[in-house]
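A.B. asks: would you be able to build a 3D model of this:
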Amino acid sequence: MEKTYLNISKASDIAVFKERITYRFLEMIPGLISLGTLFWVLVLSWWRPAWVAVFIILFCFYYLLKIIFLAFHQVVSYFKMKRHLKIDWATRVKKINRWKDIYHLIILPTYKEGIEVIEESVGALLNSRYPKNKMIVILAIEERAGKRGLKIARDIRNKYKDKFLRFEVSLHPKNIPGEIAGKGSNSAWAAKIAKKEIIDILKIPYKNVLVSNFDIDSKVYPDYFSCLTWYYLKVKNPLKTSYQPIPVYNNNVWNAHAFSRVVATSNTFWQMVQQERAEKLTTYSTHAMPFQAWVDVGYPANIVSDDSRIFWRAYLYYNGNYRVVPIYYPVSMDAVVASNLLQTAINQYRQQKRWAWGCNEIPYLIYGFWKNKKIPKWNKFIHLYTVIDGFWSWATAALLIFCLGWLPVVLGGEKFSTTILSYNLPFLTGRIMTFSLIGLIISAILSTLMLPRRPKNISRLKGLTVFLQWILLPFTLIIFGTFPALDAQIRLMLGRYMGFLVTEKVRK
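C.D. replies: Here you go, the predicted structure:
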């Protein structure tokens, strides 16, 4: 059966009326589940306060156990990353006979970023220890960026064109029908140019090319490509595997505001935890995959969350025979920083909302699993549960823990307020949350250990704030977690589809 369903980005893409209506209902599921949870907690706090009180207590216990579980994996992942950084991957990979056959296609999609941001990323590629004559770099710019963007791209190409096997600029045309302007469509166009004008002309076998789709602020550590190549040559079924490094937001961490650092580091820690649960891991932000799979599957140009969508497209295309292998090696990127505090907060919210728009994977997966009969049912169930639970927790957990635990006491009426359960509810939830501080302390310690060297112009006092910033976590979880997640889910539920929101890159 032709897998045309792989290209769906929204309900209107489906030609068959009944299936289009079904998909439209599926798009409402994330919002209905999250809003339904919050609505019934509110209503039942008044109607059946004892039920909600028990639910809140059980949920807090569940959350405590989850924190302990996540903290354990977070620590294990951290020490694995430290070990990976100590390995001489450039020497290790050379012990494998085929390593010289492997080329790296590196796509750097950019829009209106300044030349200093782009040069930092290209400079990091140049400083890597992998042979540059095995690296093809595509600086992917947007036509809509105008003459300034084209000039910057040409200047950089002229500076670096002799440093790699090939360094080319691709110009992504604007207003291509069916595309969403953003990283995904730009990267897809760049790969087509690389295939046609470089890889095919040089007759490089697709199985010998690994494509890394970077964010423009992605800066690799020296042994990244050697480490990636080693994994590619050592894992089972490498052609049906994506490779996920750990994103660390250290490029500008000393210039970031405290709340921005907390949000960025929380994202790093979540990815570190996911690395430990490879069966549930999907591609995120900077990642790599075999060029053969990229060509077979086709990179999505009509979706905002292209980094996760490419994994699910490949998973469906290969009938479940596709996975992500965690690489415990970091790639450094930017925390959100803008020209002032207010704009930083706005940009942070927008970035989180763009990431939360990944909730559109829920209808995509349900529909894709219905269409694809070859994937085992148990695998479908596990993946759906993981994705739905993740976006539901993102949108509701912080509110349930920090804000709604008191609702049965306030709304339950005099009859409930005189019960032992009412008296003990704040005490029990408070104690549980106190025990959960272990996760906060671990995060504070690890975030301090992962800091790059403090610049001379940064005071020692700011080093202390990096540790103390974690007292902001409850607020960041709600303001930059729950609210943008609910925003994205409500938009999807109402059919108000998002475009790609570019996060400003600032150097101070």
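A.B. asks: same question for whichever strand or helix holds L440, mean pLDDT?
C.D. replies: Using DSSP states H and E, L440 sits in helix 437-449. Taken as a whole, helix 437-449 has a mean pLDDT of 87.
A.B. asks: who touches it?
C.D. replies: 67-68, 70-71, 74-75, 78, 261, 265-266, 269, 463, 466-470, 473 (Cβ atoms under 8 Å, 6 or more residues apart in numbering). Placement of C-beta: from N, CA and C, glycine included.
A.B. asks: now the buried members of these.
C.D. replies: Among those, those classed as buried by neighbour count (16 or more other Cβ atoms under 10 Å) are 67, 70-71, 74-75, 78, 261, 265-266, 269, 466, 469-470, 473.
A.B. asks: out of those residues, who's nearest G412?
C.D. replies: Nearest to G412, judged by Cβ to Cβ, of the buried ones among the contacts of helix 437-449 is I67 at 27.6 Å.
A.B. asks: S305: which of the buried ones among the contacts of helix 437-449 is nearest?
C.D. replies: S266 (18.6 Å).
A.B. asks: pLDDT of the one helix or strand the closest one maps to, averaged?
C.D. replies: Secondary structure from DSSP H and E places S266 in helix 258-275. Mean pLDDT, helix 258-275: 93.
A.B. asks: that helix versus helix 437-449: what angle between them?
C.D. replies: Using axes from the mean of the first three to the mean of the last three Cα atoms, to 10 degrees, the inter-axis angle of helix 258-275 relative to helix 437-449 is 100 degrees.
A.B. asks: whatever helix or strand comes next after helix 258-275 - contacts with which helices or strands?
C.D. replies: The helix or strand immediately downstream of helix 258-275 is strand 287-290, counting by DSSP H and E. On a contact count with 3 or more Cβ pairs under 8 Å, 6 or more residues apart in numbering; DSSP states H and E, strand 287-290 meets strand 209-213, strand 241-248, helix 306-317.
A.B. asks: please repeat the previous calculation with a cut-off of 10 Å.
C.D. replies: Applying 3 or more Cβ pairs under 10 Å, 6 or more residues apart in numbering; DSSP states H and E, we find strand 287-290 packed against strand 103-109, strand 209-213, helix 224-234, strand 241-248, helix 306-317, strand 323-332.
A.B. asks: nearest to W294, of the ones you listed?
C.D. replies: Nearest to W294, of all those, is strand 209-213, at 5.4 Å by Cβ to Cβ.
A.B. asks: direction included, what does that closest one pair against?
C.D. replies: On the basis of DSSP bridges, the sheet neighbours of strand 209-213 come out as strand 103-109 (parallel), strand 287-290 (antiparallel).
A.B. asks: average pLDDT across that strand?
C.D. replies: Here strand 209-213 scores 97 as its mean pLDDT.
A.B. asks: could you point out which element follows that strand?
C.D. replies: Going down the chain from strand 209-213, the next helix or strand is strand 219-220, by DSSP H and E.
A.B. asks: now do that next one: distance to the chain's middle.
C.D. replies: 16 Å (Cα atoms, centre = their mean, to the nearest Å).
A.B. asks: now stretch 429-436
C.D. replies: Counting by Cα atoms, centre = their mean, stretch 429-436 comes out at 29 Å from the chain centroid.
A.B. asks: please apply the same query to stretch 294-301.
C.D. replies: Counting by Cα atoms, centre = their mean, stretch 294-301 comes out at 19 Å from the chain centroid.
A.B. asks: how about the helices in the stretch 301-450 of the chain?
C.D. replies: With DSSP state H, counting those that start in this stretch as the criterion, the stretch 301-450 of the chain has helices at 306-317, 341-356, 361-371, 377-402, 407-411, 413-417, 420-435, 437-449.
A.B. asks: please identify the deepest-packed of the ones you listed.
C.D. replies: Of the helices of the stretch 301-450 of the chain, the one with the most neighbours on average (mean count of other Cβ atoms under 10 Å) is helix 306-317, at a mean of 23.
A.B. asks: quick one, it and strand 241-248 angle?
C.D. replies: Computed by the same axes, to 10 degrees, the angle separating helix 306-317 from strand 241-248 equals 160 degrees.
A.B. asks: which elements pack onto helix 306-317?
C.D. replies: Applying 3+ Cβ pairs under 10 Å, 6+ apart, one finds that helix 306-317 contacts helix 183-194, strand 209-213, strand 241-248, strand 287-290, helix 291-297, strand 323-332, helix 361-371, helix 377-402.
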